[in-house]
Every structure is written in structure tokens, then in C-alpha cells.
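A.B. asks: I would like to see how this sequence folds:
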Amino acid sequence: MVKKLVILLFISLFSFTASASVSIQRLLQLIDYVGVDYREAIADGEIINPEEYGEMQDFVLAIRDSVQELNDVDERLIEQAANLGLLVNTKADPDLVAQLTTKMHRQIIVDYDVQVVPRKVPDINMAKQLYVENCIACHGAQGRGDGPLSKTLEPLPTNFFDRDRYRERTIFGLFNTISQGVSGTGMPPFTALTAHQRWSLAFYVGQIAIQEDEVNAGSDLWRTESNHSLSTLEELTTSSPAQVEIASGKDAVVTLAYLRRHPEKVMLKTNASPLDFSIEELDASRLAYISGDPDKAYDLAVNAYLEGFELIENSLDAVDSTLRRQIEGEMTAYRNLIRKQKGVAAVNVAYTDLKVLLETARKSLSETRLSEKTAFISAMVILLREGLEALLVVAALAAFLVKTGRREGLSYLYGGVVVALLMGGLTWVISTTLIEIGGASRELTEGVAAITAASVLFYVGFWMHNKTSAMQWKHFIESSIKKALSKETLWGIAALSFIAVYREVFESVLFYQALWVQTTEGGQSMIVYGLLLATAILILLAWLIMKYSTRLPLRQFFAVSGGFMFILAVVFAGKGISALQEAGKIPLDPVGLPGIELLGIYPNYQGLAVQGLMIILASIMIIRDNRKQRKVNV
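C.D. replies: Okay, the predicted model is just below:
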């Protein structure tokens, strides 16, 4: 039973983010499909294509069911899904359906932290070759939906020159279609392509219908106007020409056409560094708060930290650790002002102060590139910081198995470590090819893993302490260690080593990805050297722990290890609470005390309260156990 649970734990910890992402992506695809294709089924309140209309009715039912299955779904979204079904079933005007699907699309993206932008500049030349290799047979050489296989398909492949369809499609919608395919049609999911290839292909087919005069006019507007309505990459990928025209006029439509041809223009502007992203999200957060939407303002403020500043924390720490701590504190204060719905004036002051600090950080990091020295130090610090906790847990468990004569249990322990490392490598591949792992998902995964590890460590610590009393010790020895460490216990040890290692690997992978793109080619070599040095230091520490801890008498070893497990449980609990706070799932109320990040001590009421309760509970358990022992001795 325990073995099955452990296997499920391995799978669920890794698949949590991916499965949620895939189901939401499919929902977004359905919503996008209805918004675009409904007008092919209905005109002037009459059915013009019965087959298409029947498909729309099926889709709105699927959308309604999918929305109801979402975690923590907003009631407004449920109501919107019901209204969408009503509009379709009453043959409402296509423009009304398109407006509602756009609103639903945007709310899901915000509510579920959906990544809707590419990480790298799309490669249009590569996309042209991909089109020839994968799309030409159905969509035709020019993209008019007249390829050799088109006559065998029902419905017919999309004609990318169709201007009406072009006006309703977003780049993100095209990316989703390429990624997920379209059920019941000849359009398969192109999962063999990397995320970069799929984004490139989406941008390529999304600009086929654009005319040269639009591109030229858009180019002039982009160069001459400073205040663009399409100033962020997210606006470029999630806005259709029809939406842009309604919101900002015809000039914005030709600007969109130009940017679809040249996405590098807006990416160079918005993706210069994670700090730029933080500033943009803070700007949007402040505007949302002023507009009377504190929930959206809070989500944007959380995003400013998770998707922006946190990605360069390690780099900034190597340059100016005081500034890093100051920005982190100010970001927390800004979020708390919004959460507690303080006055607009107070929020504006905090926003202004924070922007000044972020600009200072930008200068400290020399815009977008890290020096080779900074890259080396950052790479070393990341692995030492993230790997030390996992090392301590694994080394302590290894010493325990060696000391108790159960060396065969080491295969379970190291098996958990190896699986965690392999899953970490898989996380790297998946996060750069198949899905984008958002900041909130990252922190949520780390938080849940840390809390789980803290619970297990707390139990193990009490179990080891319990065995140090004379009576329990005698019983433990007589009943044989072999019985005490059953198969289920060994699988539990494997699970604990997996959790301890994977939670660190998971976050480290994403931090190293961010670090890699912030430096030069020479700096990337220094990242590798920093990794190697940190690995050597961790191996040395593991050897020292194994060498000296196993010299202790067995009973004393249990006492020391039990206390050590208690301490690690408190550390993991603090880090788990902190991760959930950073994801915006738990409130954060600061206290005027210094924090010690290495020990998992963060100066806020919530984290300190949980750690305090753990210490009190451990003390009560130890005191009660000691009293029982004294009674037995008497």
C-alpha cells in the first residue's frame, strides 16, 4: 500500500503543474474556437451551417462542464459559461458571442496564471520550413486551405488568407490550436515540436493574411508614436485585430499587423529583463487598484514578484544583497497595502518607492547582461542554497541506515534521489519545450512539497527520539532493526528523499533557466563552473556528515538525529509557508524581526506561528515521553 502511495506521490508532484496547464489550455482553445467559428454557423439570427451550429452547441456544453471542474473557480466564470450557452442556443449575434468569449479568455488567463507569451523571439524563417514540412499538405503552399489532402478532410482546412477569420484570431489561440489540435477534424496536435517552434509557427500563419500596406503603416506608427496601446508581449499574443480595433481604433490594427510580422520589436521592449516585466506588472497593478479592482491589482503584484523579480534575485544578491532584501520587503509591503485595501495615496507612495528601487537594481545588474563573475557566483550560490537542505536530509537518512546495519536500505534512499534528479532533468526539458511553468505554479509546488516533507520529518524525528528512552531502546534492539525497518518504512524513506531533493531541483531548474539568458556566452561557461564547484562542496559536506555522524554510539546517534529531524521539519515548514505566501495563497503580515532564510525563519506572523506551534507540540511530546520513562524507571 505504502509503495503504491509513494509511486503516486512521485507522479502527482511532477504532473500537478503539467496536467492543470493542459486542461486549462484545452478550455481556452474551446472558448477561442467558439468565439471565432460561431459566425460561420449563424447570420442575422438564422442558422447558415447546421453542422457548424451543432458543433458550437456541443462546445458550449463542454466549456460549461470544464469550467465547473476547475479548482477555485470564480462564480463569474461559471455565470459567463452559462451565458455563452444561452447566447449560442438562442442564435445570438456573433459579435456578442465574440465579446463574451474574449472576456472569459482573459479572466481564465489571469485567474490561473496561464503563460501566454513565448520565451524567445519567434523564428519566422524556421517557421516557414516547419510549415512546408508539417502544414502544406492540408493548408496548401500559400496557406489558402487547398493542399493535396484538403479535399479529403471535413471540415476543410483553414484558409489563412480569410480576412474575417484573421480579424478574430489571436496568436495565442493559434499556438493553442497547434499544441492541442482540434478534436473531430484533420488538425492533429503537434506535440513533437518544441514550444519555440510552435510559437514561431503561430506567428507565421498569423500574419499570412496581412497586407504590405498595413505593415508599412504600422511600422511608421510604431516608430513615431511613443504611447502604444500594444506595449506588452501579452497584448500582442492575446489580442485579435477585431478586439484591438474596438479598444483602440484602426491605427492600432495596423500596428498589430506590423508587430505580428516583427514580434522582436515588442519583445526587445518588454523582455529586456525580468525587472522590466516586474515594472510593467506593477504599473498595471496600480492602475487596477485605482480603477477599483483590488483582486486584479493583488494578482498583478504577485505576478510582478514571481515572474519578474524572483528570477533575478540570485543575480542581484551576488551584486547587492542589501538592495535585494530591500526590494523584497517593499514588494511585500505593497501587496499588503492592496490586500488590506488601504487608501490609493498610500498605494501610490509604495508603488513609487518600489519603482525607484527596481530601477536601481536594473543599473546594478548592468541592464540585461550579467558579468562572468556575477554569473559564476550566482550559479554557485543557487546550488549551495537549494541543495544544502536536501543534502542534510539525505545524508542524515543515509547515516541512519548505515549505523543501524541496514545498508540494503540505501538503494531505496538513493533511488529516491536519482528519480528526483531525473524528474528535474525532465522538468528542464518540459519547461523549455512543452509547457511554460509559471511563478505561482512553481511556488505552489515547492510549498506543498516543503509542507509534506516537514510533516514526514516531524514524525521521523519523534520516532527517533522515542527510541532513545531505556525501555523503548531495549525493545527496539530486541525486536531487531530488520523488523523496525519494514519494506513500507524503506519506501517511506525513498519518498522522503525524493520530496526533499525534487522540491529543490524543481526551483533550481527554473532559476538556472533565468540565469542562463541573463548573461553572455562567456558567462554561461562560468555558470557551468559555478555549478561544478558547488557540487564538489556539497559532496565534501556529505562525506564529512557520513564520516563523523556514524562514529557516535547508536543510542546517542538516534538522539542527535531525532533533534536534527525536528529542526529540519521546522525549517521546511517555514519555507513551505513562505512559498505559499509568495504564490498569494496565504496572507503575509510582517513583524519587526530579522529573518534567517537559511533556517527557514521569515519575519511574518503566519510562518512564525506555524513554526512556534511545531516547537510547542514537539516540546509537549518530548516532556510527556520523558515523564512516562521516569514512571517506568520508578
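
A.B. asks: And the host helix or strand of D299, what does it pack against?
C.D. replies: D299 is part of helix 294-304, with elements assigned from DSSP states H and E. Packing contacts for helix 294-304, counted by 3 or more CB pairs under 8 Å, 6 or more residues apart in numbering; DSSP states H and E, involve helix 94-111, helix 274-290, helix 321-339, helix 439-466. Glycine gets a C-beta too; all of them are placed from N, C-alpha and C.

A.B. asks: So for it, what gets flagged as buried?
C.D. replies: Applying a neighbour-count criterion of 16 or more other CB atoms under 10 Å, one finds 294, 296-304 buried in helix 294-304.

A.B. asks: And the residues you listed, which is the shakiest by pLDDT?
C.D. replies: Least confident of the buried residues of helix 294-304 in the model: N303, at 81.

A.B. asks: Count the residues that sit near the residue lying closest to that one once chain neighbours are set aside.
C.D. replies: With sequence-adjacent residues excluded and distances taken as CB to CB, 6 or more residues apart in numbering, N303 is closest to E281, at 5.0 Å. For E281, the count of nearby residues is 23 (other CB atoms under 10 Å).

A.B. asks: so E281 makes contact with D299?
C.D. replies: No. With contact defined as CB atoms under 8 Å, E281 does not count as touching D299 (9.4 Å).

A.B. asks: got the domain boundaries for the protein?
C.D. replies: Taking automatic domain parsing as the criterion, the chain consists of the domains 21-114, 122-269, 274-364, 372-633.

A.B. asks: what does the average pLDDT come to for stretch 152-161?
C.D. replies: Mean predicted confidence for stretch 152-161 is 90.

A.B. asks: Phi and psi next, for E46.
C.D. replies: phi -120, psi 150 (degrees, to the nearest 10).

A.B. asks: Make sure it is actually in contact with P94.
C.D. replies: No. E46 sits out of contact with P94 when judged by CB under 8 Å, with a separation of 11.9 Å.

A.B. asks: neighbour-wise, which of those two wins?
C.D. replies: P94 (20 against 9).

A.B. asks: Please report the distance of the residue nearest to N303 from L300.
C.D. replies: From E281 across to L300, the span is 5 Å (CB to CB, to the nearest Å).

A.B. asks: re earlier: got the contact list for the residue nearest to N303?
C.D. replies: 300-301, 303-304, 307-308 (CB atoms under 8 Å, 6 or more residues apart in numbering).

A.B. asks: Quick check: it vs A297, distance?
C.D. replies: 10 Å.

A.B. asks: likewise W199?
C.D. replies: Taken as CB to CB, the span from W199 to A297 is 29 Å.

A.B. asks: what do you get for L61?
C.D. replies: 34 Å.

A.B. asks: Distance to I78 added to the buried residues of helix 294-304, as JSON lines?
C.D. replies: Output for the buried residues of helix 294-304, formatted as JSON lines (distance: CB to CB, whole Å):
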{"residue": "P294", "distance to I78": "21"}
{"residue": "K296", "distance to I78": "18"}
{"residue": "A297", "distance to I78": "23"}
{"residue": "Y298", "distance to I78": "21"}
{"residue": "D299", "distance to I78": "19"}
{"residue": "L300", "distance to I78": "23"}
{"residue": "A301", "distance to I78": "26"}
{"residue": "V302", "distance to I78": "23"}
{"residue": "N303", "distance to I78": "24"}
{"residue": "A304", "distance to I78": "28"}
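
A.B. asks: quick one: pLDDT of M380?
C.D. replies: 84.

A.B. asks: Tell me how many other residues crowd it.
C.D. replies: Neighbour tally, M380, other CB under 10 Å: 22.

A.B. asks: Give me the three-state assignment for it.
C.D. replies: Going by DSSP: H, G, I helix; E, B strand; the rest coil, the secondary structure assigned to M380 is helix.

A.B. asks: L533 is in contact with that one, correct?
C.D. replies: Yes. Contact status for M380 versus L533: in contact at 5.5 Å, counting by CB under 8 Å.

A.B. asks: Now do the helices for the stretch 351-500 of the chain: every range, in order, please.
C.D. replies: Assigned by DSSP state H, counting those that start in this stretch, the stretch 351-500 of the chain shows helices spanning 372-403, 410-433, 439-466, 470-478, 481-484, 487-516.

A.B. asks: ugh, wrong one, the stretch 101-250 of the chain
C.D. replies: 124-134, 136-139, 163-168, 171-180, 195-205, 212-224, 233-238, 241-248, 250-261.

A.B. asks: With distance to K151 and mean neighbour count added, can I get those in JSON lines?
C.D. replies: Converted to JSON lines, those look like this (distance: least, CB to CB, whole Å; neighbours: other CB atoms under 10 Å):
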{"stretch": "helix 124-134", "distance to K151": "19", "mean neighbour count": "15"}
{"stretch": "helix 136-139", "distance to K151": "10", "mean neighbour count": "19"}
{"stretch": "helix 163-168", "distance to K151": "20", "mean neighbour count": "16"}
{"stretch": "helix 171-180", "distance to K151": "21", "mean neighbour count": "24"}
{"stretch": "helix 195-205", "distance to K151": "21", "mean neighbour count": "24"}
{"stretch": "helix 212-224", "distance to K151": "31", "mean neighbour count": "15"}
{"stretch": "helix 233-238", "distance to K151": "33", "mean neighbour count": "22"}
{"stretch": "helix 241-248", "distance to K151": "30", "mean neighbour count": "18"}
{"stretch": "helix 250-261", "distance to K151": "30", "mean neighbour count": "22"}
